[in-house]
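[1] no FASTA, just this:
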(Lines give C-alpha, C1' and ligand atoms only; values in the text may rest on other atoms or scores of the structure.)
Protein backbone atom coordinates (compact mmCIF):
# COMPACT_ATOMS: atom_id res chain seq x y z
CA UNK A 1 0.00 0.00 0.00
CA UNK A 2 1.20 3.48 -0.82
CA UNK A 3 -0.01 6.20 1.51
CA UNK A 4 1.23 9.74 1.10
CA UNK A 5 0.86 12.29 3.92
CA UNK A 6 -1.56 14.88 2.63
CA UNK A 7 -0.96 18.59 2.47
CA UNK A 8 -2.71 21.13 0.30
CA UNK A 9 0.56 22.06 -1.37
CA UNK A 10 1.36 18.43 -2.14
CA UNK A 11 -1.95 17.76 -3.81
CA UNK A 12 -1.91 20.95 -5.86
CA UNK A 13 1.56 20.14 -7.15
CA UNK A 14 0.49 16.60 -7.91
CA UNK A 15 -2.43 17.85 -9.98
CA UNK A 16 -0.23 20.31 -11.82
CA UNK A 17 2.34 17.62 -12.53
CA UNK A 18 -0.30 15.18 -13.79
CA UNK A 19 -1.96 17.78 -15.99
CA UNK A 20 1.25 19.22 -17.41
CA UNK A 21 2.97 15.93 -18.21
CA UNK A 22 -0.26 14.18 -19.27
CA UNK A 23 0.86 10.63 -18.57
CA UNK A 24 -1.59 8.26 -16.81
CA UNK A 25 -3.97 10.17 -14.55
CA UNK A 26 -7.30 9.71 -12.80
CA UNK A 27 -10.25 11.62 -14.18
CA UNK A 28 -11.74 12.20 -10.71
CA UNK A 29 -8.90 12.85 -8.28
CA UNK A 30 -10.69 13.05 -4.96
CA UNK A 31 -13.42 11.14 -3.15
CA UNK A 32 -14.69 10.46 0.37
CA UNK A 33 -14.27 7.35 2.49
CA UNK A 34 -17.14 4.89 2.84
CA UNK A 35 -18.59 5.23 -0.64
CA UNK A 36 -18.30 3.83 -4.19
CA UNK A 37 -15.67 5.33 -6.46
CA UNK A 38 -15.55 5.00 -10.24
CA UNK A 39 -11.87 5.09 -11.17
CA UNK A 40 -11.28 6.27 -14.74
CA UNK A 41 -7.62 5.99 -15.72
CA UNK A 42 -6.63 8.09 -18.74
CA UNK A 43 -3.77 6.69 -20.82
CA UNK A 44 -2.65 9.65 -22.90
CA UNK A 45 0.27 8.38 -24.96
CA UNK A 46 2.34 5.34 -25.87
CA UNK A 47 6.03 4.54 -25.32
CA UNK A 48 7.88 7.11 -27.42
CA UNK A 49 5.48 6.58 -30.29
CA UNK A 50 4.92 2.85 -29.81
CA UNK A 51 1.28 1.67 -29.36
CA UNK A 52 0.08 0.51 -25.95
CA UNK A 53 -0.86 -3.19 -25.89
CA UNK A 54 -1.19 -3.96 -22.17
CA UNK A 55 -2.24 -2.00 -19.08
CA UNK A 56 -1.99 -3.24 -15.50
CA UNK A 57 -3.36 -1.35 -12.49
CA UNK A 58 -2.40 -2.28 -8.93
CA UNK A 59 -4.73 -0.92 -6.26
CA UNK A 60 -3.62 0.47 -2.90
CA UNK A 61 -4.83 -0.92 0.42
CA UNK A 62 -8.33 0.26 1.32
CA UNK A 63 -9.60 0.38 -2.27
CA UNK A 64 -11.86 -2.66 -2.21
CA UNK A 65 -14.61 -4.44 -4.19
CA UNK A 66 -12.70 -3.76 -7.42
CA UNK A 67 -14.72 -4.59 -10.54
CA UNK A 68 -13.44 -3.63 -14.02
CA UNK A 69 -15.75 -2.50 -16.81
CA UNK A 70 -15.59 -4.57 -20.03
CA UNK A 71 -13.67 -2.83 -22.81
CA UNK A 72 -14.30 -3.72 -26.47
CA UNK A 73 -11.21 -5.16 -28.14
CA UNK A 74 -9.46 -5.93 -24.85
CA UNK A 75 -9.40 -9.01 -22.61
CA UNK A 76 -9.47 -8.52 -18.85
CA UNK A 77 -7.86 -10.63 -16.15
CA UNK A 78 -7.61 -9.98 -12.43
CA UNK A 79 -5.43 -11.10 -9.55
CA UNK A 80 -6.95 -11.57 -6.12
CA UNK A 81 -5.52 -11.65 -2.64
CA UNK A 82 -6.14 -10.90 1.02
CA UNK A 83 -6.45 -7.40 2.41
CA UNK A 84 -4.37 -6.23 5.38
CA UNK A 85 -7.59 -6.24 7.40
CA UNK A 86 -11.31 -6.80 7.00
CA UNK A 87 -13.26 -3.80 5.66
CA UNK A 88 -16.92 -2.93 6.17
CA UNK A 89 -19.07 -3.21 3.07
CA UNK A 90 -22.78 -3.13 2.25
CA UNK A 91 -25.40 -4.91 4.36
CA UNK A 92 -23.01 -5.60 7.21
CA UNK A 93 -20.58 -7.64 5.11
CA UNK A 94 -16.88 -7.66 5.96
CA UNK A 95 -14.52 -8.03 3.01
CA UNK A 96 -11.19 -9.67 3.83
CA UNK A 97 -10.03 -10.33 0.27
CA UNK A 98 -10.67 -9.22 -3.27
CA UNK A 99 -9.20 -8.04 -6.56
CA UNK A 100 -5.77 -6.46 -6.07
CA UNK A 101 -4.90 -5.79 -9.71
CA UNK A 102 -6.59 -5.62 -13.12
CA UNK A 103 -4.86 -6.34 -16.45
CA UNK A 104 -6.06 -5.40 -19.94
CA UNK A 105 -4.47 -7.21 -22.91
CA UNK A 106 -5.21 -7.97 -26.55
CA UNK A 107 -5.93 -4.44 -27.69
CA UNK A 108 -3.81 -1.77 -29.31
CA UNK A 109 -3.88 1.94 -28.47
CA UNK A 110 -1.90 4.02 -31.00
CA UNK A 111 0.28 6.82 -29.65
CA UNK A 112 -1.82 9.36 -31.59
CA UNK A 113 -4.90 8.57 -29.46
CA UNK A 114 -5.85 8.42 -25.80
CA UNK A 115 -8.19 5.98 -24.08
CA UNK A 116 -9.78 5.30 -20.70
CA UNK A 117 -9.66 2.19 -18.54
CA UNK A 118 -12.54 2.08 -16.05
CA UNK A 119 -12.90 0.25 -12.76
CA UNK A 120 -15.65 0.45 -10.15
CA UNK A 121 -14.38 0.36 -6.56
CA UNK A 122 -15.33 1.13 -2.98
CA UNK A 123 -13.26 3.35 -0.68
CA UNK A 124 -13.19 1.68 2.73
CA UNK A 125 -14.48 3.85 5.54
CA UNK A 126 -11.64 2.59 7.74
CA UNK A 127 -9.16 4.66 5.73
CA UNK A 128 -7.96 7.84 7.39
CA UNK A 129 -9.16 10.93 5.52
CA UNK A 130 -6.89 13.77 4.43
CA UNK A 131 -4.33 11.50 2.86
CA UNK A 132 -3.44 10.65 -0.73
CA UNK A 133 -3.43 7.16 -2.24
CA UNK A 134 -1.08 6.24 -5.07
CA UNK A 135 -1.99 3.67 -7.74
CA UNK A 136 0.64 1.80 -9.72
CA UNK A 137 -0.01 1.58 -13.48
CA UNK A 138 2.23 -0.52 -15.72
CA UNK A 139 1.92 0.32 -19.41
CA UNK A 140 3.37 -2.14 -21.93
CA UNK A 141 3.84 -1.11 -25.55
CA UNK A 142 4.93 -2.94 -28.70
CA UNK A 143 8.34 -1.45 -27.94
CA UNK A 144 9.02 -0.47 -24.36
CA UNK A 145 7.35 -0.35 -20.96
CA UNK A 146 6.52 2.42 -18.50
CA UNK A 147 5.61 2.01 -14.82
CA UNK A 148 3.78 4.96 -13.31
CA UNK A 149 4.55 4.55 -9.61
CA UNK A 150 6.78 7.37 -8.43
CA UNK A 151 5.85 9.66 -5.55
CA UNK A 152 7.80 12.45 -3.92
CA UNK A 153 7.65 15.31 -1.46
CA UNK A 154 5.79 18.43 -2.65
CA UNK A 155 8.89 20.33 -3.71
CA UNK A 156 10.06 17.45 -5.91
CA UNK A 157 6.75 16.13 -7.24
CA UNK A 158 6.93 18.04 -10.51
CA UNK A 159 10.36 16.56 -11.26
CA UNK A 160 9.08 12.98 -11.39
CA UNK A 161 9.45 11.14 -14.68
CA UNK A 162 6.96 8.36 -13.89
CA UNK A 163 4.40 9.91 -11.47
CA UNK A 164 1.77 7.61 -10.00
CA UNK A 165 -1.94 8.47 -10.41
CA UNK A 166 -3.04 10.04 -7.11
CA UNK A 167 -6.38 10.05 -5.28
CA UNK A 168 -7.13 12.47 -2.45
CA UNK A 169 -9.20 10.88 0.34
CA UNK A 170 -11.78 13.15 1.99
CA UNK A 171 -13.76 12.73 5.24
CA UNK A 172 -17.04 10.85 5.05
CA UNK A 173 -19.98 13.06 4.15
CA UNK A 174 -22.39 13.63 7.03
CA UNK A 175 -26.12 12.95 6.78
CA UNK A 176 -26.70 16.70 6.83
CA UNK A 177 -24.41 17.16 3.84
CA UNK A 178 -26.18 14.31 2.03
CA UNK A 179 -29.65 15.75 2.51
CA UNK A 180 -28.38 19.25 1.83
CA UNK A 181 -27.11 18.06 -1.52
CA UNK A 182 -30.40 16.31 -2.29
CA UNK A 183 -32.36 19.39 -1.27
CA UNK A 184 -30.23 21.61 -3.48
CA UNK A 185 -30.79 19.30 -6.42
CA UNK A 186 -34.56 19.32 -5.85
CA UNK A 187 -34.59 23.09 -5.65
CA UNK A 188 -32.68 23.39 -8.91
CA UNK A 189 -35.17 21.04 -10.60
CA UNK A 190 -38.09 23.10 -9.30
CA UNK A 191 -36.54 26.32 -10.57
CA UNK A 192 -35.84 24.75 -13.98
CA UNK A 193 -39.48 23.65 -14.19
CA UNK A 194 -40.71 27.16 -13.42
CA UNK A 195 -38.42 28.69 -16.05
CA UNK A 196 -39.61 26.16 -18.64
CA UNK A 197 -43.22 26.95 -17.87
CA UNK A 198 -42.64 30.69 -18.15
CA UNK A 199 -41.08 30.16 -21.56
CA UNK A 200 -44.06 28.05 -22.61
CA UNK A 201 -46.47 30.80 -21.48
CA UNK A 202 -44.61 33.30 -23.61
CA UNK A 203 -45.20 31.14 -26.69
CA UNK A 204 -48.72 29.91 -25.99
CA UNK A 205 -51.78 31.05 -24.17
CA UNK A 206 -52.06 30.41 -20.44
CA UNK A 207 -54.83 27.90 -20.99
CA UNK A 208 -52.69 25.72 -23.21
CA UNK A 209 -49.97 25.40 -20.55
CA UNK A 210 -52.16 25.20 -17.48
CA UNK A 211 -52.04 21.41 -17.26
CA UNK A 212 -48.25 21.44 -17.33
CA UNK A 213 -47.48 24.43 -15.13
CA UNK A 214 -50.34 24.81 -12.70
CA UNK A 215 -50.86 22.85 -9.54
CA UNK A 216 -50.34 23.08 -5.80
CA UNK A 217 -47.09 24.53 -4.63
CA UNK A 218 -44.82 22.46 -2.48
CA UNK A 219 -41.88 23.23 -0.24
CA UNK A 220 -38.50 21.94 -1.42
CA UNK A 221 -35.38 21.25 0.55
CA UNK A 222 -36.60 19.14 3.48
CA UNK A 223 -36.05 15.49 4.13
CA UNK A 224 -39.82 14.89 4.21
CA UNK A 225 -40.29 16.30 0.69
CA UNK A 226 -37.53 14.14 -0.71
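    That came through fine. Every value quoted in this text rests on a predicted model; they were computed, and no experiment measured them.
[2] now the strands: where do they sit in the chain?
    3-5, 24-26, 30-32, 35-43, 52-58, 63-68, 75-88, 94-109, 115-123, 131-134, 136-141, 145-148, 166-170 (DSSP state E).
[3] pick the most buried one from those strands.
    Of all these, strand 24-26 carries the top mean neighbour count, a mean of 23, counting by mean count of other Cβ atoms under 10 Å. C-betas here are computed from N, CA, C, even on glycine.
[4] closest one to residue 160 among the strands of the chain?
    strand 145-148 (9.3 Å; Cβ to Cβ).
[5] name the residues that touch that closest one?
    23-24, 47, 136-139, 162-165 (Cβ atoms under 8 Å, 6 or more residues apart in numbering).
[6] can you list the strands that it pairs with?
    strand 136-141 (antiparallel) (DSSP bridges).
[7] and the contacts of strand 145-148, which is closest to residue 156?
    residue 163 (10.7 Å).
[8] ok, the closest one to residue 172 distance?
    As judged by Cβ to Cβ, to the nearest Å, residue 163 and residue 172 stand 28 Å apart.
[9] same deal with residue 69?
    For residue 69, the distance to residue 172 - Cβ to Cβ - is 25 Å.
[10] one more: residue 166?
    Residue 166 is 20 Å from residue 172, by Cβ to Cβ.
[11] residue 28 and residue 38 touch, don't they?
    Yes: contact criterion Cβ atoms under 8 Å: residue 28 and residue 38 qualify, at 7.1 Å.
[12] closest one of the contacts of strand 145-148 to residue 90?
    The closest of the contacts of strand 145-148 to residue 90 turns out to be residue 165 (Cβ to Cβ; 25.9 Å).
[13] tell me the pLDDT at that closest one?
    Looking at residue 165, its pLDDT stands at 94.
[14] lowest-pLDDT helix or strand in this structure?
    Lowest mean confidence among the helices and strands of the chain (mean pLDDT, DSSP states H and E): helix 8-21, at a mean of 42.
[15] quick check: bridge partners of residue 118?
    residue 40.
[16] that one is in contact with residue 37, isn't it?
    No: with contact defined as Cβ under 8 Å, residue 118 does not count as touching residue 37 (11.4 Å).
[17] ok, residue 76 - contacts?
    Residues in contact with residue 76 (Cβ under 8 Å, 6+ apart) are 68, 70, 102-104.
[18] pLDDT score for it?
    At residue 76, the model reports a pLDDT of 98.
[19] quick one: it from residue 104, how far?
    6 Å.
[20] cool, and residue 73?
    10 Å.
[21] all set, thanks.
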